[in-house]
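A.B. asks: The sequence and its predicted three-dimensional model are supplied below.
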Amino acid sequence: MTLKSDPGNFFEDFVVGDELIHATPRTVTEADVALYTGLTGSRFALYSADTFAQDVGLPSSPIDPLLVFHVVFGKTVPDISLNAVANLGYADGRFLAPVFPGDTLRAVSEVIGIKENSNGKTGVVYIRTHGYNQEDDEVLSYVRWVMINKRDESSPAPEAVIPDLPKAVDPRDLPQRVYEVAEYNFTLAGSPFGFEDYEIGEKIDHIDGVTVEEAEHQIATRLYQNTAKVHFNQYAQRQTPRGKRLIYGGVAISLARSMAFNGLANAAEIIAINAGSHVNPLAAGDTVFAWSEVLDKVDLGDGLGALRLRLVATRNLPCAEFPYKDAEGKYLTDVILDFDYWAAIPNRG
Amino acid sequence: MTLKSDPGNFFEDFVVGDELIHATPRTVTEADVALYTGLTGSRFALYSADTFAQDVGLPSSPIDPLLVFHVVFGKTVPDISLNAVANLGYADGRFLAPVFPGDTLRAVSEVIGIKENSNGKTGVVYIRTHGYNQEDDEVLSYVRWVMINKRDESSPAPEAVIPDLPKAVDPRDLPQRVYEVAEYNFTLAGSPFGFEDYEIGEKIDHIDGVTVEEAEHQIATRLYQNTAKVHFNQYAQRQTPRGKRLIYGGVAISLARSMAFNGLANAAEIIAINAGSHVNPLAAGDTVFAWSEVLDKVDLGDGLGALRLRLVATRNLPCAEFPYKDAEGKYLTDVILDFDYWAAIPNRG
Amino acid sequence: MTLKSDPGNFFEDFVVGDELIHATPRTVTEADVALYTGLTGSRFALYSADTFAQDVGLPSSPIDPLLVFHVVFGKTVPDISLNAVANLGYADGRFLAPVFPGDTLRAVSEVIGIKENSNGKTGVVYIRTHGYNQEDDEVLSYVRWVMINKRDESSPAPEAVIPDLPKAVDPRDLPQRVYEVAEYNFTLAGSPFGFEDYEIGEKIDHIDGVTVEEAEHQIATRLYQNTAKVHFNQYAQRQTPRGKRLIYGGVAISLARSMAFNGLANAAEIIAINAGSHVNPLAAGDTVFAWSEVLDKVDLGDGLGALRLRLVATRNLPCAEFPYKDAEGKYLTDVILDFDYWAAIPNRG
């Protein structure tokens, strides 16, 4: 009689070069869009109104790239991060094709790097994940690295392999986007500011704050079919030093990004993820605030540009003064997220 | 470098005659319907079952008019009530055409009145808002007035303009509704009582009570893309005398109206809003109860009538004795809502 | 003037042979599917991905049978269990035809048994409920029995009628299912184990635990349009010995069943309900765990089999040791659910 339930992989189970075909393909629907709106407060017109998307030449509103990311990420959890200690970083994420309601997403990952930690108890695994739609078009590719417990501290360390990852997606590698920018309605989008109005180094306080409830992050994380135990099991978490459920980092990304509407309403579409760190944990009852900095900008042609943006989120700390790191370069205690991405934005023209 | 995020308008920013084109058009879908059911407990058959709606001649279940109202209202918040002190009243609301899943709603408002308060710190702004679908058909029109902070107490008072508003929508101005009443199934609708069974002055206790949770009102309010700060930011609210997040008044209207199914199951469709006051605040943990009074009734012809109804909601106070006002005409402390509307209801025939 | 709101039926109102046509038909949509995923964490591929369902010959993902059950059950509450003391058991439940998004469900019940309790205050009513789709195809039939308060303790006891109910649905009576099992993808389904891998007597710990929040069970129970007062009204519950809202038993079934994915990923489709008891109450803040036992197995032909499974759920008690009953055969205090059902599962072949 074989053990039927799966306790998840441990560090020893990962071998560089292995491919992981993740279970539970998922048809994303307009219902996921409505739930995403209800759970994050997203207001980007491109993802809110079919008419707005049709005006710029799309068949209907696509699925918000962050929702695509969360669904694809969720598929990988049972195989990769069920026994994770921490999700350490993201790199080289690219949204390669739009996803529409009715599309079915599935995920496949490769182990691209591995390194045991010096304590002999944990190690870091580097994973590249590919998301595909029902036509087998690749819609998303990204790398993340995760700290994972060893099953047995005495098992020998594998040879370390550290992948060479870009600090940011090169502008020449950004996925192409086609918009009929001439038909883009800045008034309905909620801001008069186009690509040419943003300057490198500019910082934007997104003003609003939103308090997170247990039911909200649990519903969101289940919607993404992300099963990591730390998000759901208060009985187990009560026995840890923190004593609380830990909120899925993607919830913080989406809340911060939804607040970023106020200041970046026309930079609706994330086209690449350069880097991301969940630098401190978020718990229910905390209020999330956010600010952005323009790190770079590049003209994509045809009236469209891209902004490279740093999105910083905090807990219980308004962002009028752009809180980030201390004098020694350490993140402030109340900073929870440092997320670096490229977003497409039309020229005012 | 221009300030990119929008702190919202203050009293000085409103000028009578100005038009405000609100951002974030929104495609409403069957997902909004399901979420509305999950968040309010609505059971009106017309909005629950396509077959029921088709039996009376509609192509499918329309969107509940209150959900239409909340979505249109939500669009106006960033321009009108981000800095509001209080939402003071509604008048002359008419649901001019049904909205179906797949329709895209947008909103345009006019400033129709203005009056500075004698304290010099705040003023009242009267707004007429129009909701349109993707065909530019007007689906909803209503007036609300809001108390808004001045940016600068020393700025001069504008000339007062108070619009002339009806105390109730005149029966002759009620939007027409077409039903094949002969095919209306009272059993499936959940009540044997038709238009002829209700008497002016009749009061109905809706019996049930429902306790509101933070996650519920936040998800609902975000679903409507209503961004008013007081609903979401516990960090800021903790520093106010109330110390709590304030629940969007529309959440109370929808909960009370959903409970009103028990007693008014056939008066499913709100066709006009006469007046409405959020007379005391509602907070998470409170239990909402509701009762109704028949204020008027009018035969609409073709087997359909309309009831003018007062819907009163309370917090933590059952409604068997129809709690309302005290001897001096002041609302009781635990009354939270006084909402006056017209609903269509078929004759038993 | 007739009382318009309905206080619900009492024990005296039930007569053996009576038919109850329940109100509020309900069109179930892909939005209900997404909400069910968000509220339960369901991951069965058959209900998650249209492509997966199409590979085995279905037009699209059907609605999870438990969601169908909850919606049909919800319809019956206003007529049957509004004044129920306890939901005592289920028997002879069969899912007779698949339900797809867009179908409209309605419910009709018959009173098939009745027995006053010896205390003279309550009685037990046995009900058979039929769920139909918009084509009047029967999609579900089940029996439940409920303890209901008498309106008047002095009213005479009716003649007792106890229906003859099967302890389990006979394998020959199991609804037929047609799958192209050859095209079933075990990798995407999330487990390599097929019908032949499970042994009678085998027990499976589903490992995970999930903490339930008030907002979650309220949203779920309202989605099912289940109006039983004990789930929603904290004002009233505060005055009871428990002091808390009671969570709808179906929420526990669905959470436990969603966790059962881990160990039973290919036994996605419940085809019959043999029995079920909510043996202890579940409240918000409790963490649900679950385990399963294989009670029986039967080959259905064409590469498909059925497992008869006992699903046991607990509160705040991990299930590695399969907690169930004490030495005297009494359920342990922290066991909340004992649910006995048949699920279809493909052969590995």
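C.D. replies: Thanks, I have the structure now.
A.B. asks: For the stretch 101-250 of chain A, just list every one of the helices.
C.D. replies: Taking DSSP state H, counting those that start in this stretch as the test, the helices found in the stretch 101-250 of chain A are A:186-189, A:214-223, A:234-237, A:249-259.
A.B. asks: Using PDB, list the CA coordinates for the third one.
C.D. replies: These are the backbone C-alpha positions of helix A:234-237, laid out as PDB (Å, rounded to 0.1, in the frame of the first residue of the first chain):
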ATOM      1  CA  GLN A 234      -3.600  28.900  12.200                       C
ATOM      2  CA  TYR A 235      -3.500  25.800  14.300                       C
ATOM      3  CA  ALA A 236       0.100  25.200  13.100                       C
ATOM      4  CA  GLN A 237       1.100  28.800  12.900                       C
END
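A.B. asks: For it, which outside residues touch it?
C.D. replies: With C-beta atoms under 8 Å, 6 or more residues apart in numbering or on different chains as the test, helix A:234-237 has contacts from A:229-230, A:243-246, C:209, C:211, C:285, C:287, C:289, C:316, C:318. In short, each C-beta sits where N, CA and C put it, glycine included.
A.B. asks: from the residues you listed, which ones fall inside strands?
C.D. replies: C:211, C:287, C:289 (DSSP state E).
A.B. asks: Is it possible to get CSV of the residues you listed that adds distance to chain A, neighbour count and pLDDT?
C.D. replies: Formatted as CSV, those follow (distance: C-beta to the nearest C-beta, whole Å; neighbours: other C-beta atoms under 10 Å in any protein chain shown; pLDDT from 0 to 100):
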residue, distance to chain A, neighbour count, pLDDT
C:211, 4, 24, 98
C:287, 4, 22, 98
C:289, 8, 28, 98
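A.B. asks: need the residues of the stretch 201-349 of chain A near chain C, please.
C.D. replies: Within the stretch 201-349 of chain A, the positions adjacent to chain C are A:213-216, A:218-220, A:222-223, A:225, A:227, A:229, A:232-236, A:245 by C-beta under 8 Å from any C-beta of the partner chain.
A.B. asks: Now do the closest residue to residue A:286 other than its chain neighbours against residue A:289, distance only.
C.D. replies: Once flanking residues are discounted, residue A:286 sits nearest to residue A:315: 4.2 Å by C-beta to C-beta, 6 or more residues apart in numbering or on different chains. Residue A:315 sits 8 Å away from residue A:289, taking C-beta to C-beta, to the nearest Å as the criterion.
A.B. asks: Ok, residue A:295 next?
C.D. replies: As defined by C-beta to C-beta, residue A:295 lies at a distance of 20 Å from residue A:289.
A.B. asks: repeat for residue A:71
C.D. replies: 26 Å.
A.B. asks: Likewise for residue A:149?
C.D. replies: 33 Å.
A.B. asks: and residue B:76, which of the helices of the stretch 101-250 of chain A is closest to it?
C.D. replies: Nearest to residue B:76, of all the helices of the stretch 101-250 of chain A, is helix A:186-189, at 13.8 Å by C-beta to C-beta.
A.B. asks: Check which strands are paired with the helix or strand harbouring residue A:307 and give the direction for each one.
C.D. replies: Secondary structure assignment for residue A:307, by DSSP states H and E: strand A:304-315. According to DSSP bridges, strand A:304-315 forms sheet pairs with strand A:287-301 (antiparallel), strand A:335-346 (antiparallel).
A.B. asks: Ranking those strands by mean neighbour count, which comes first?
C.D. replies: A comparison of the strands paired with strand A:304-315 by mean neighbour count, using mean count of other C-beta atoms under 10 Å in any protein chain shown, puts strand A:335-346 on top with a mean of 25.
A.B. asks: how about TSV for the strands paired with strand A:304-315, with distance to residue A:204 added?
C.D. replies: Formatted as TSV, the strands paired with strand A:304-315 follow (distance: least, C-beta to C-beta, whole Å):
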stretch	distance to residue A:204
strand A:287-301	5
strand A:335-346	13
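A.B. asks: Can you name the residue of the stretch 151-300 of chain A nearest chain B?
C.D. replies: residue A:190 (3.2 Å; C-beta to the nearest C-beta).
A.B. asks: residues touching the closest residue to that residue other than its chain neighbours, list them.
C.D. replies: Ranked by C-beta to C-beta, 6+ apart and with sequence neighbours excluded, the top spatial neighbour of residue A:190 is residue B:23, at 3.2 Å. Contact analysis of residue B:23 by C-beta under 8 Å, 6+ apart lists A:43, A:45, A:187, A:188, A:189, A:190, A:191, A:265, B:75, B:78, B:79.
A.B. asks: let's see 7 Å
C.D. replies: A:45, A:187, A:188, A:189, A:190, B:78 (C-beta atoms under 7 Å, 6 or more residues apart in numbering or on different chains).
A.B. asks: Please apply the same query to residue A:168.
C.D. replies: Shown in contact with residue A:168 (C-beta under 7 Å, 6+ apart): A:274, A:275, A:308, A:340.
A.B. asks: most neighbours, which of those residues?
C.D. replies: Counting neighbours by other C-beta atoms under 10 Å in any protein chain shown, residue A:340 leads the contacts of residue A:168 with 24 neighbours.
A.B. asks: And residue A:112, how close does it get to residue A:74?
C.D. replies: Distance, residue A:112 to residue A:74, using C-beta to C-beta: 20 Å.
A.B. asks: And for residue A:241?
C.D. replies: To residue A:74, residue A:241 is 27 Å away according to C-beta to C-beta.
A.B. asks: more neighbours, the two?
C.D. replies: Set residue A:241 next to residue A:74 and count neighbours by other C-beta under 10 Å: residue A:74 wins out with 25 against 5.
A.B. asks: ok, the lowest-mean-pLDDT helix or strand in chain A: who's next to it in the sheet?
C.D. replies: One helix or strand of chain A scores below all others by mean pLDDT, DSSP states H and E: strand A:84-95, with a mean of 93. Applying DSSP bridges, strand A:84-95 is found paired with strand A:138-149 (antiparallel), strand A:269-278 (antiparallel).
A.B. asks: List the contacts of residue A:34.
C.D. replies: Contact analysis of residue A:34 by C-beta under 7 Å, 6+ apart lists B:29, B:31, B:32, B:35, B:223, C:31.
A.B. asks: switch to 6 Å and redo it
C.D. replies: Taking C-beta atoms under 6 Å, 6 or more residues apart in numbering or on different chains as the contact definition, residue A:34 lies against B:31, B:32, B:35.
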